[in-house]
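[1] Build me a model:
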Amino acid sequence: FWATTDYLYDRTDHLYYRDSRFLTQRDPNGRKIFWGRGNGWVFAGLARILTDLPANHPSRARYIALFQQMADKVVSLQGANGYWPVSLLEPQQTPETSGTGFFVYGLAWGIHHGILHDKRYAHAVDRGWQALQAAVQPDGKLGWVQRIGAAPDQVSADDTQLYGVGAFLLTAAEV
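    Numbers count the residues shown, from 1 in each chain. Model prediction:
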């Protein structure tokens, strides 16, 4: 974990690159590219690591510090509609529910476990949970889940994937 973090974690933006191809890539407007869902997986994964990591583990403080750094950045990137962008530094184009689900889960977990204290985290959880609920279609299908891919990509209301539903259920259990 720490070898990957040392390699792919941007210490300025407090986000992870998807892989080494993205270390130097930029979007058409010159912004770094940080995949929303990929960072959501990391953020939710940190919550899961901290759940199982013993309180006296020598690396626990380092995991908590990373989790708090990411939380601070993540909360600043939430779109006005409650979702996070597919590419985190780009303006929100469409909803995306898998990354949003993982971020809301992680934020809610951090609040419930006394790691995140600022009111803005609870506000982000509330807005994100409302957005996720709005993405559930009348037939029960969760829409706006970016398809399997190797980079941030387009997403539509009809797109769904099992990992998006998994993120939604994980979030529901924590919220």
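
[2] Could you check the pLDDT of R11?
    Looking at R11, its pLDDT reads 97.

[3] same question, A131
    pLDDT recorded at A131 is 98.

[4] Ignoring the adjacent residues along the chain, who's closest to it?
    Leaving out its chain neighbours, the residue that sits closest to A131 by CB to CB, 6 or more residues apart in numbering is G82, at 3.0 Å. In this view, the C-beta of every residue, glycine as well, is placed from N, C-alpha and C.

[5] And that neighbour, how far from V75?
    12 Å (CB to CB, to the nearest Å).

[6] Please identify which of the two sits among more neighbours.
    Just comparing G82 and V75: by other CB atoms under 10 Å the higher neighbour count belongs to G82, 22 against 19.

[7] Show the contacting residues for the more buried one.
    Contacts for G82 (CB atoms under 8 Å, 6 or more residues apart in numbering) come out as T100, R127, G128, W129, Q130, A131, L132, A134.

[8] sorry, back to before: which of the three states applies to the residue nearest to A131?
    coil (DSSP: H, G, I helix; E, B strand; the rest coil).

[9] gap between it and I115?
    In this view, G82 and I115 are 22 Å apart by CB to CB.

[10] same deal with D139?
    According to CB to CB, D139 stands 37 Å off from I115.

[11] more crowded one of the two?
    A count of neighbours by other CB under 10 Å puts I115 above the other of D139 and I115, at 19 against 5.

[12] So the more buried one lies in a strand, does it not?
    No - if the criterion is three-state DSSP, then I115 is coil and not within a strand.

[13] Surely it and Q68 touch.
    Yes - between I115 and Q68 there is a contact under CB atoms under 8 Å: 6.6 Å.

[14] In what element of secondary structure is the residue most central in space within the chain found?
    Nearest residue to the geometric centre of the chain (CA atoms, centre = their mean): G40, 2.5 Å. Using DSSP states H and E, G40 sits within helix 36-52.

[15] which secondary structure elements does the helix or strand just after that helix contact?
    The helix or strand immediately downstream of helix 36-52 is helix 60-76, counting by DSSP H and E. Counting contacts by 3 or more CB pairs under 8 Å, 6 or more residues apart in numbering; DSSP states H and E, helix 60-76 packs against helix 36-52, helix 97-112, helix 119-134.

[16] Rebuild the ones you listed as TSV, extending it with distance to D6.
    Converted to TSV, the helices and strands packed on helix 60-76 look like this (distance: least, CB to CB, whole Å):
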stretch	distance to D6
helix 36-52	14
helix 97-112	21
helix 119-134	27
